[in-house]
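S.K.: Fold the following.
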Amino acid sequence: MPGRIEDYALIGDMQTAALVCRDGTVDWLCLPRFDSHAIFAGLLGTEEHGFWRLGPAHAADADPPTAARRGYRGDSLILESEWDTPRGTVRVTDFMPPRDGAPQLIRIVEGVSGRVPMRSALRMRFSYGRVVPWVHKHEGRTVAVAGPDSVWFDTDCETYGKSLTTYSDFTVTPGDRIAFTISWEPSHTQPPPLPEPEQSLEATEDFWREWVEQCTYHGPYREAVVRSLITLKALTYAPTGGIVAAPTTSLPEEVGGVRNWDYRYTWLRDAAITLSSLLRTGYREEARAWREWLLRAVAGDPENLQIMYGIAGERKLSESELHWLPGYEDSTPVRVGNDAAHQLQLDVYGEVTETLHIARMANLARNGYASALQLRLIEHLEQHWMEPDEGIWEVRGPRRHFVHSKVMAWVAVDRTIKLIESGDADGPLERWRELRDDIHRDVCEKGYDKERNTFTQSYGSKELDASLLLIPQMGFLPPDDKRVIGTIEAIQRELSTSDGFILRYPTAGSGEGVDGLKGDEGAFLACSFWFADALAMLGRLDEARTLFEKLLGLRNDLGLLAEEWDSGRQRQVGNVPQAFSHVALVDTALKIGALGSHGGGLC
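M.R.: Got it, this is the predicted structure:
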């Protein structure tokens, strides 16, 4: 059985990532990219689908022991795990060096005290656990080959094969350091160079130290903010600047349910808000790289803007199901690809233009095509903002006039008007001012329930939606507007879980809900952070801090958050780590810090 979602640590090289469990098992790794086929897919199945366990030896009929302690080395993505055994203490250091050639996962075993028997068990299965590779020796190195892929396994320890698994049994004493490395190369090319684990460890530590030193945030909750920023950086695909929503697929939003999606792609919405957070904490290069990625992805075709792309800008992300995988804790289907790529989500226009606006306000180097793209997006939006869409939550039911989508259409027009007013672009200013007023009036007339004093999820509906919490953040209405206050109070009353966190919207359990799906889901963590923001903006800073610190308590021992929180089971659910959750954490910390320094009150 794979571990609980919060049992996993993240390591990565800004091109792919691995998840390492508390017992020293790597249960998830896609090579060579985030969206490549997994060679370890035990997370979504069993050990038969691929894993790599490295830890103290244990009896065959016993569960592998879990580490007594683990943590990242300083402000880095280098994982250190320690086991205390009857025979002594051992440490395993896991990391993936920022790539300069073949992708590598390096594991260094270090004896701390006593004499500790250890075992490495490596079972590589290509194509998400479906393909058993040909494993053989080549000039003293172990290589696994299947089709276009080869993975090279290097260690000074003796290895042997048994039950289609490569084993190493050894003992460590104080001062011993024994390294194990896997490296990926296309199977038709030359073998990768022999790894240099100690030099790579030093270089990896230097990389993260230098990157974190660029952070300009020194306010409250800095430790949590920095860890979230490191996580967001790890989800960035370095060659292109694209950012994945999460490095995993099909971790369920409801254990045993069907809400299992592939998040290893770049959502314009998620990437935009991620870059907003990075830019406001000093990371200008990441903002510049994402803007260039955006311009390449959209190219000369903004009328056919997709809501998500592949990490290099790919448009085709066809969704399919992997029937041979039983799913995480029997949560099926396991999906790869994502058909939501071709949905209509009007809010994306707002997120993209808001990010370009923030970049301009932060004096990021001007890009003429970025301004031209923004104008063309608004020209297209002008003709389509009144249409129903699938909305921010990518419903698979009928399209609706979602209030959040209309609000973000207003944001797109508003920020473009500001661009023109600044003199950095030319456009039909008066016409678009009228358009902005038209959208605002339409939302306030059709998306507001006067009897309940709250905005609703969509025009004419009674349901609420946590995305309405963004209305004051986007400047659509001020925080002290009675309609905003009424909406915040209604969401707290109707969408709160028993432990005070916020659901995205009502789900239908065994029936089919507004999203076209059966089943329920956990509290969406980003929405809970948004609620803390709303409390802070209303001047209720003590309540905001209490909720924020309660949310921080949901992080695992390494500071990582998945997409949602299951209040009944008291555990994380959904893909992990989730960029949306960590962005929201950073934003709330910055907001509480800023408002607290000014004595609270509205902003």
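S.K.: I'd like to know which helix or strand in the chain has the lowest mean pLDDT.
M.R.: helix 268-280 (a mean of 85; mean pLDDT, DSSP states H and E).
S.K.: which element follows it toward the C-terminus?
M.R.: helix 284-298 (DSSP states H and E).
S.K.: Show me what that next one is packed up against.
M.R.: Contact partners of helix 284-298 among helices and strands, from 3 or more Cβ pairs under 8 Å, 6 or more residues apart in numbering; DSSP states H and E: strand 242-243, helix 268-280, helix 347-361, helix 368-384. Just so you know, the C-beta spots here come from the backbone N, C-alpha and C atoms, and that holds for glycine as well.
S.K.: Using PDB, write down the CA coordinates of it.
M.R.: Taking Å, rounded to 0.1, in the frame of the first residue of the first chain, the C-alpha atoms of helix 284-298 are listed here in PDB:
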ATOM      1  CA  ARG A 284      11.700  38.600 -11.500                       C
ATOM      2  CA  GLU A 285      13.400  36.100 -13.700                       C
ATOM      3  CA  GLU A 286      10.700  33.500 -13.200                       C
ATOM      4  CA  ALA A 287       8.100  36.200 -14.100                       C
ATOM      5  CA  ARG A 288      10.000  37.100 -17.300                       C
ATOM      6  CA  ALA A 289      10.300  33.400 -18.200                       C
ATOM      7  CA  TRP A 290       6.600  32.700 -17.700                       C
ATOM      8  CA  ARG A 291       5.600  35.800 -19.800                       C
ATOM      9  CA  GLU A 292       7.800  34.500 -22.600                       C
ATOM     10  CA  TRP A 293       6.300  31.000 -22.200                       C
ATOM     11  CA  LEU A 294       2.800  32.600 -22.500                       C
ATOM     12  CA  LEU A 295       3.600  34.500 -25.600                       C
ATOM     13  CA  ARG A 296       5.000  31.300 -27.300                       C
ATOM     14  CA  ALA A 297       2.000  29.200 -26.200                       C
ATOM     15  CA  VAL A 298      -0.600  31.600 -27.400                       C
END
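S.K.: Show me how far it is from its chain's centre.
M.R.: 18 Å (Cα atoms, centre = their mean, to the nearest Å).
S.K.: Check what contacts it and list those residues.
M.R.: Contact partners of helix 284-298, identified using Cβ atoms under 8 Å, 6 or more residues apart in numbering, comprise 233, 236, 240-243, 266, 268, 271-272, 274-275, 278-279, 305-306, 309, 313, 352, 355-356, 359, 362, 364-365, 367, 369-370, 373.
S.K.: Now that helix: buried residues?
M.R.: Judged by neighbour count (16 or more other Cβ atoms under 10 Å), helix 284-298 contains these buried residues: 284, 286-291, 293-295, 297-298.
S.K.: go on, stretch 429-449?
M.R.: So stretch 429-449, judged by 16+ other Cβ under 10 Å, has buried residues 432, 435-436, 439-440, 442-443, 447-449.
S.K.: Stretch 471-480 too?
M.R.: 471-474, 476-477, 479.
S.K.: for the record, mean pLDDT for the helix or strand encompassing Phe531?
M.R.: Phe531 belongs to helix 525-537 when elements are defined using DSSP H and E. Mean per-residue pLDDT for helix 525-537: 96.
S.K.: Tell me the helix or strand right after that helix.
M.R.: helix 541-552.
S.K.: That following helix: how far from the chain's middle?
M.R.: Worked out by Cα atoms, centre = their mean, helix 541-552 lies 22 Å from the chain centre.
S.K.: now the buried residues of helix 284-298 as a markdown table including distance to Thr159 and pLDDT?
M.R.: Converted to a markdown table, the buried residues of helix 284-298 look like this (distance: Cβ to Cβ, whole Å; pLDDT from 0 to 100):
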| residue | distance to Thr159 | pLDDT |
| --- | --- | --- |
| Arg284 | 46 | 90 |
| Glu286 | 40 | 89 |
| Ala287 | 45 | 86 |
| Arg288 | 45 | 88 |
| Ala289 | 40 | 89 |
| Trp290 | 42 | 86 |
| Arg291 | 47 | 85 |
| Trp293 | 41 | 89 |
| Leu294 | 46 | 86 |
| Leu295 | 48 | 84 |
| Ala297 | 43 | 85 |
| Val298 | 49 | 82 |
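S.K.: For those, name the two members farthest from one another.
M.R.: The span of the buried residues of helix 284-298, defined through Cβ to Cβ, is set by Arg284 and Val298 at 21.4 Å.
S.K.: which stretches of this protein have low pLDDT?
M.R.: For the chain, the stretches with pLDDT under 70 are 509-512, 597-603.
S.K.: With Ala526 as the reference, name the closest of the helices and strands packed on helix 284-298.
M.R.: Nearest of these (Cβ to Cβ): helix 268-280, 9.0 Å.
S.K.: Which elements pack onto the closest one?
M.R.: By 3+ Cβ pairs under 8 Å, 6+ apart, helix 268-280 packs against helix 222-234, strand 242-243, helix 284-298, helix 347-361, helix 579-597.
S.K.: I'd like those as CSV, with distance to Ala526 appended.
M.R.: Below are the helices and strands packed on helix 268-280 laid out as CSV (distance: least, Cβ to Cβ, whole Å):
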stretch, distance to Ala526
helix 222-234, 12
strand 242-243, 15
helix 284-298, 19
helix 347-361, 13
helix 579-597, 4
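S.K.: In PDB, could you pull the C-alpha coordinates for stretch 21-34?
M.R.: Coordinates of each C-alpha in stretch 21-34 appear next as PDB, following Å, rounded to 0.1, in the frame of the first residue of the first chain:
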ATOM      1  CA  CYS A  21       7.600   8.200   1.400                       C
ATOM      2  CA  ARG A  22       8.500   8.100   5.100                       C
ATOM      3  CA  ASP A  23       9.800   4.500   4.800                       C
ATOM      4  CA  GLY A  24      12.300   5.500   2.100                       C
ATOM      5  CA  THR A  25      10.300   4.400  -0.900                       C
ATOM      6  CA  VAL A  26      10.200   6.400  -4.100                       C
ATOM      7  CA  ASP A  27       6.600   5.700  -5.300                       C
ATOM      8  CA  TRP A  28       6.300   8.200  -8.100                       C
ATOM      9  CA  LEU A  29       8.800   9.500 -10.700                       C
ATOM     10  CA  CYS A  30       8.200  10.400 -14.300                       C
ATOM     11  CA  LEU A  31      11.300  10.700 -16.700                       C
ATOM     12  CA  PRO A  32      12.500  12.800 -18.300                       C
ATOM     13  CA  ARG A  33       9.700  15.400 -17.700                       C
ATOM     14  CA  PHE A  34       6.800  16.000 -15.300                       C
END
